[in-house]
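A.B. asks: pasted the sequence and its predicted model underneath.
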2 protein chains.
Amino acid sequence: MQQKIPAVTPDTFDTSGFIPRANSLAGSVYEAIFAQLMTLKIPPGTRITVDNLVRELNVSQTPIREALGRLEGEGLVVKTHLIGFSAAPQITRRRFDELYQLRLLLEPDSAARAAIAMDDVKLSALRAAAGLMGRREGGDERLRYSTFARQDAMFHDKILEIAGNELIREALNHQHTHFHIFRLMFHSRVTEEALDEHEALLAALEAGDGPAAERAMRVHLEHSRDRLLPAFD
Amino acid sequence: MQQKIPAVTPDTFDTSGFIPRANSLAGSVYEAIFAQLMTLKIPPGTRITVDNLVRELNVSQTPIREALGRLEGEGLVVKTHLIGFSAAPQITRRRFDELYQLRLLLEPDSAARAAIAMDDVKLSALRAAAGLMGRREGGDERLRYSTFARQDAMFHDKILEIAGNELIREALNHQHTHFHIFRLMFHSRVTEEALDEHEALLAALEAGDGPAAERAMRVHLEHSRDRLLPAFD
DNA sequence: CAATATAAAATCCTATAGGATATGGGATTG
DNA sequence: CAATCCCATATCCTATAGGATTTTATATTG
């Protein structure tokens, strides 16, 4: 157990009081594997070898198996008995279409609800999330997309939070939408037209205009889908 | 490793060929714990003790921790570092409302899609699922509800399957809707008015009438929600 | 009696070990 | 040369062990 595992993060508060509770090894291993999946260090469909992780992360098999079990439960990893674990496969075109169908059913409705629930505090938080995305960070293009993708996810998540249905928010998060999209686009040049669409969405949310917010979200998702489709060619 | 774990089930086919692949211990443990959660043998919110399961299931800690990790990933179990695992809490009224909001966004649309996709084979499978539910099995009332709830779940799931969006189907299944509802009602007398609503739904589906199927599903879900609400009093 | 302190027991968490199974490389055969 | 076989190695899977932490029971104090 050494430096390969992220440092203990004592800012994780336990739910029963005010004393920070250190992260477990299994928890840290989960995060490390998740990061490797996200950055395609473990490519889609490839084997995840427990013994390799033991060597790489310098921990025993036990927390690794537990973390992989959790990732299995989340659908990010697939397990076959006696063969082991592998990364869930790359999202297929079919799956992508289904995902956007789900998003189109849930997110416009949530945008409308968020518009109705909008107030100054929430709007300011939302603007902060949107503002982060507009900022052009330095560094290479992939890092910029990485940042953009993470902040795009935060922006959408903030709208879901304001909409007020935690279960729907979690259901969407569970699909790891942004995870899949990020991996899909990881090797691509990407255009950031989303920013204009976000502005239109923000304006509707700011105005507390439910139907307009719903329309803006629908348009944004349809364009987002269409922008991503070439990745399947 | 003894009789407490379900017998090896060689009817699990591996994806790469035709030779049955036995279930892993971790897999069997997962199923055993899931069953205990479902039947409230492990009540909502209570501690799940690894060492107790070791004794009860007569397997070592390793597959138990892995199975619990998977259940954690599925949200059915909560883990706190150094304290251990516990069953996810009973669904709250808030959560229940959110769940029905999700269902009302997704299932009527799916019913409409299923109506459009309907053919004789699918209809026959759906009727079989509905027919099972109408049958009054013997045994005590709770067993009858248990059977009803399982078959209700299968009926709804069959509609989702016919609708053709596997991701939405999985997203709804991931919420373990019927699991939660089942647990909620486990100690209650229940009325089986759902059957009439199912008949109306079936008629619309049979007729290939998308809008009617959507309406019938919406009505059914609203009534289902209202029937279940007293459980929170 | 209630509150506090202490000790014992239970449990959590992880490392290690070892048998079973799968995989990959080299040798052999046709 | 391709196909098959055999063996060594790697990996999977689970059991066991032991130190750390939490929980529970008991003793002590005011």
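C.D. replies: Looks like it came in fine.
A.B. asks: for the closest residue to DNA strand D within chain A, list each beta-bridge partner.
C.D. replies: Across chain A, the shortest distance to DNA strand D (Cβ to the nearest atom of the strand) belongs to A:Gly84, at 2.7 Å. In this view, the C-beta of every residue, glycine as well, is placed from N, C-alpha and C. Beta-bridge partners recorded for A:Gly84 (DSSP bridges): A:Thr80.
A.B. asks: neighbours of it, how many?
C.D. replies: For A:Gly84, the count of nearby residues is 14 (other Cβ atoms under 10 Å in any protein chain shown).
A.B. asks: do you know the pLDDT at it?
C.D. replies: Per-residue pLDDT puts A:Gly84 at 94.
A.B. asks: my guess is it contacts A:Thr49. True?
C.D. replies: Yes: applying Cβ atoms under 8 Å as the test, A:Gly84 and A:Thr49 come out as touching, 6.7 Å apart.
A.B. asks: read off the pLDDT value for A:Phe155.
C.D. replies: 88.
A.B. asks: which parts of chain A belong to which domain?
C.D. replies: Using automatic domain parsing, the domain parsing of chain A gives A:25-87, A:93-232.
A.B. asks: let me know whether the lengthiest helix in chain A sits next to chain B.
C.D. replies: Using DSSP state H, we find that the single longest helix of chain A is helix A:93-117. Yes: contact of helix A:93-117 with chain B is found when judged by Cβ under 8 Å from any Cβ of the partner chain, involving A:Arg95, A:Glu98, A:Leu99, A:Gln101, A:Leu102, A:Leu105, A:Leu106, A:Asp109.
A.B. asks: quick one: contacts for A:Val121?
C.D. replies: By Cβ atoms under 8 Å, 6 or more residues apart in numbering or on different chains, A:Val121 lies in contact with nothing.
A.B. asks: now it: how far from A:His156?
C.D. replies: Applying Cβ to Cβ, to the nearest Å, the value for A:Val121 to A:His156 is 19 Å.
A.B. asks: quick one, what contacts the residue of chain A most remote from its centre?
C.D. replies: Computed with Cα atoms, centre = their mean, the residue of chain A farthest from its C-alpha average is A:Leu82, at 30.6 Å. For A:Leu82, the contacting residues are B:Arg21, B:Ser24, by Cβ under 8 Å, 6+ apart.
A.B. asks: for A:His174, same thing?
C.D. replies: A:His174 neighbours (Cβ under 8 Å, 6+ apart): A:Glu74, A:Gly75, B:Ala171, B:His174.
A.B. asks: going by distance to A:Asn165, which of the residues you listed wins?
C.D. replies: Nearest to A:Asn165 among the contacts of A:His174 is B:Ala171, at 13.8 Å by Cβ to Cβ.
A.B. asks: so the nearest residue in space to the closest one that is not next to it in sequence is in which element?
C.D. replies: The shortest distance from B:Ala171 to any residue other than its chain neighbours is 5.5 Å, reached at A:Ala171 (Cβ to Cβ, 6 or more residues apart in numbering or on different chains). With secondary structure defined by DSSP states H and E, A:Ala171 is part of helix A:166-174.
A.B. asks: convert that helix to CSV, retaining C-alpha atoms only.
C.D. replies: Extracted C-alpha coordinates of helix A:166-174, given in CSV (Å, rounded to 0.1, in the frame of the first residue of the first chain):
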residue,chain,number,x,y,z
GLU,A,166,-33.0,13.3,-7.0
LEU,A,167,-34.0,9.9,-8.3
ILE,A,168,-34.1,11.1,-11.9
ARG,A,169,-30.8,12.8,-11.4
GLU,A,170,-29.3,9.6,-10.1
ALA,A,171,-30.9,7.5,-12.8
LEU,A,172,-29.2,9.7,-15.4
ASN,A,173,-25.9,9.7,-13.6
HIS,A,174,-26.1,6.0,-13.3
